[in-house]
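S.K.: One predicted model, sequence on top.
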Amino acid sequence: MQQGVPYGAAQSAGSRSAEAPVQAAKGKWAGKVGGGLMSYGFTGFDFYSRVKDGESVLPAAAKAVATNAFWAMMPGGWGAMLGMAALQAAPAVMDAVDQAASGLGAKSQMFGGGFTENETQQWMKTQGMNSMMNARQTAAGVMANHARGARKLY
């Protein structure tokens, strides 16, 4: 092993020639398949959005290309752009979630979910429960008396 060369860096000529096509292929396609297609896609979408918003074609294309170049030079690149877009969209998403939740609350109130009991209604409920308990006790007493009398007859 040579001095000052990291482990694995000193290789024989035969092993370097076997890895050369692999390294060349990696260098040729690295960043072009994913990064290139994504870059073209984002530029095209930016251009389409600008034209749809009412800009003329030439300024929209120039702005889309400039935006693409700016984001490509950023340290985070497209990931930073997507993160910033998500942060900008967060308030709108939260508003949509709140509206959906309030819609569910309105439906539950439509079917009696917002019922509140006042003192008169509570008193009437208590009276109804007492009447049901008395009726049950009366029915149980009547049945018990019938059973006592039936026992003597049969």
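M.R.: Thanks, I have it.

S.K.: Please make it C-alpha for all contacts and neighbour counts, starting now.
M.R.: OK.

S.K.: Domain map for the protein?
M.R.: Domain ranges of the chain: 27-90, 120-154, per automatic domain parsing.

S.K.: and these, which one's lowest on average pLDDT?
M.R.: Here the lowest mean pLDDT among these goes to domain 27-90, at a mean of 78.

S.K.: my read: residue 60 touches residue 50, true?
M.R.: Yes: taking contacts as C-alpha atoms under 8 Å, residue 60 lies within contact range of residue 50: 5.6 Å.

S.K.: before we move on, back to that, and among the domains of the chain, the most buried is which?
M.R.: By mean neighbour count, with neighbours taken as mean count of other C-alpha atoms under 10 Å, domain 27-90 ranks first of the domains of the chain at a mean of 14.

S.K.: ok, back up a step: reformat the domains of the chain as a markdown table; add distance to residue 98.
M.R.: Output for these, formatted as a markdown table (distance: least, C-alpha to C-alpha, whole Å):
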| stretch | distance to residue 98 |
| --- | --- |
| domain 27-90 | 12 |
| domain 120-154 | 33 |
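
S.K.: Next, residue 132: secondary structure please.
M.R.: Secondary structure for residue 132, judged by DSSP: H, G, I helix; E, B strand; the rest coil, is helix.

S.K.: measure it to residue 118 for me?
M.R.: 21 Å (C-alpha to C-alpha, to the nearest Å).

S.K.: Could you do residue 42 as well?
M.R.: Residue 42 is 60 Å from residue 118, by C-alpha to C-alpha.

S.K.: Helices along this structure, start to end?
M.R.: For the chain, the helices defined by DSSP state H cover 13-29, 37-52, 57-73, 77-110, 119-153.

S.K.: angle of the second one against helix 77-110?
M.R.: Interaxial angle, helix 37-52 versus helix 77-110 (axes from the mean of the first three to the mean of the last three C-alpha atoms, to 10 degrees): 60 degrees.

S.K.: that older thread, shared neighbours, residue 60 and residue 50?
M.R.: Shared contacts of residue 60 and residue 50, defined by C-alpha atoms under 8 Å, 6 or more residues apart in numbering, are absent.

S.K.: Other residues contacting stretch 60-79?
M.R.: Applying C-alpha under 8 Å, 6+ apart, the set of residues contacting stretch 60-79 is 39, 42-44, 46-47, 50-51, 80-81.

S.K.: Alpha carbons of that stretch, as CSV, please.
M.R.: C-alpha atoms of stretch 60-79 as CSV (Å, rounded to 0.1, in the frame of the first residue of the first chain):
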residue,chain,number,x,y,z
ALA,A,60,-43.8,33.5,-19.1
ALA,A,61,-41.1,31.3,-20.7
ALA,A,62,-38.3,33.6,-19.7
LYS,A,63,-39.5,33.8,-16.1
ALA,A,64,-40.0,30.0,-15.9
VAL,A,65,-36.4,29.5,-17.2
ALA,A,66,-35.0,32.1,-14.7
THR,A,67,-37.0,30.5,-11.8
ASN,A,68,-35.6,27.1,-12.8
ALA,A,69,-32.0,28.4,-12.9
PHE,A,70,-32.5,30.2,-9.5
TRP,A,71,-33.8,27.0,-7.8
ALA,A,72,-31.2,24.8,-9.4
MET,A,73,-28.4,27.1,-7.9
MET,A,74,-30.0,27.1,-4.4
PRO,A,75,-28.3,24.8,-1.8
GLY,A,76,-31.5,22.8,-1.3
GLY,A,77,-32.4,23.0,-5.0
TRP,A,78,-35.9,21.7,-5.9
GLY,A,79,-36.3,20.1,-2.4
